[in-house]
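Peer 1: With the input below, show me the fold.
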Amino acid sequence: MNHIKLQLFSSEQCRELLDQVSNAEWVDGRTTAGAQARSGKINEQISQTSPVREEIHKLVQKAMWSHPAIKSFCVPRKLHRFLISRTRTGGGYDSHVDNAYMSSGRSDLSFTLCLSDHNSFSGGSLEVDTVTDSLQLELQQGEIVIYPSSTMHRVNKVTRGERVACVGWIESYLKNEGDRITLFQLDTGAKGLLAKHGRSEELDLVFLAYTNLLRSLGT
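Peer 2: Just a heads-up that it's a prediction; the model follows:
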């Protein structure tokens, strides 16, 4: 499966965000699930009208778009349908695929950002299916994983404590997953050569090709 996983926030930043959400208004998470997935979703979410949710949305988006690897991987048009979820002991989210189109935009990529200290809960891993297997992702505090919205995935049952995470969707300028991966590899390789060997006429041509491919493939 094609995904990217990295540290976005420090533990101190996460603790500050957890303080902000501790007194927010929480609602049943099933209110934002599709009809088919609703019965398997057992969690809570901060109300979509909460100023706290909106403030954290802006902070997370700024941090994501400021990270070169995330920008290169996603080629983001917008981040939308941002949720803050809390899953307590016994909760989880059964297998489901995210809606292709939401009222807020097209879902090309999904992300999960863990705010809780991993030692404060057990279970609750994000599991994403591949073509022949599944990938179980244990996120440390402040880590984010971004993966294709087209994959079947689930949040395994929390067996102890509570897991607080930010979840959202990205509409990319590149609708096709294969195009995104190819351009990400090209951009990453070119930047690596630039850092190692410095600028050259040949490398300028690589960046030219990348830019023009992005221009022609973008929507």
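
Peer 1: Settle this for me: E138 is touching F121, isn't it.
Peer 2: No - using C-beta atoms under 8 Å, E138 is not in contact with F121; the gap is 11.0 Å. Yep, even glycine has a C-beta here, placed from its N, CA and C like the rest.

Peer 1: Please identify which of the two sits among more neighbours.
Peer 2: F121 (19 against 12; other C-beta atoms under 10 Å).

Peer 1: So what's the residue count around the nearest residue to G92 once chain neighbours are set aside?
Peer 2: Nearest non-adjacent residue to G92, counting by C-beta to C-beta, 6 or more residues apart in numbering: K157, 4.1 Å away. Using other C-beta under 10 Å as the criterion, K157 is surrounded by 17 other residues.

Peer 1: before we move on, what about Q7?
Peer 2: Using other C-beta under 10 Å, Q7 has 12 other residues around it.

Peer 1: same deal with H153?
Peer 2: H153 sits with 22 neighbouring residues when counted by other C-beta under 10 Å.

Peer 1: For it, give the beta-bridge partners.
Peer 2: Following DSSP bridges, H153 is listed with bridge partners H96, V128.

Peer 1: In contact with it, which residues?
Peer 2: Counting by C-beta atoms under 8 Å, 6 or more residues apart in numbering, H153 makes contact with 95-97, 110, 126-129, 147.

Peer 1: Dump these into CSV; add neighbour count as well.
Peer 2: Listed next are the contacts of H153 as CSV, based on neighbours: other C-beta atoms under 10 Å:
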residue, neighbour count
S95, 13
H96, 17
V97, 16
S110, 23
L126, 22
E127, 14
V128, 19
D129, 15
Y147, 20
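
Peer 1: Return the closest of those with respect to P51.
Peer 2: Nearest to P51 among the contacts of H153: S110, at 24.6 Å, using C-beta to C-beta.
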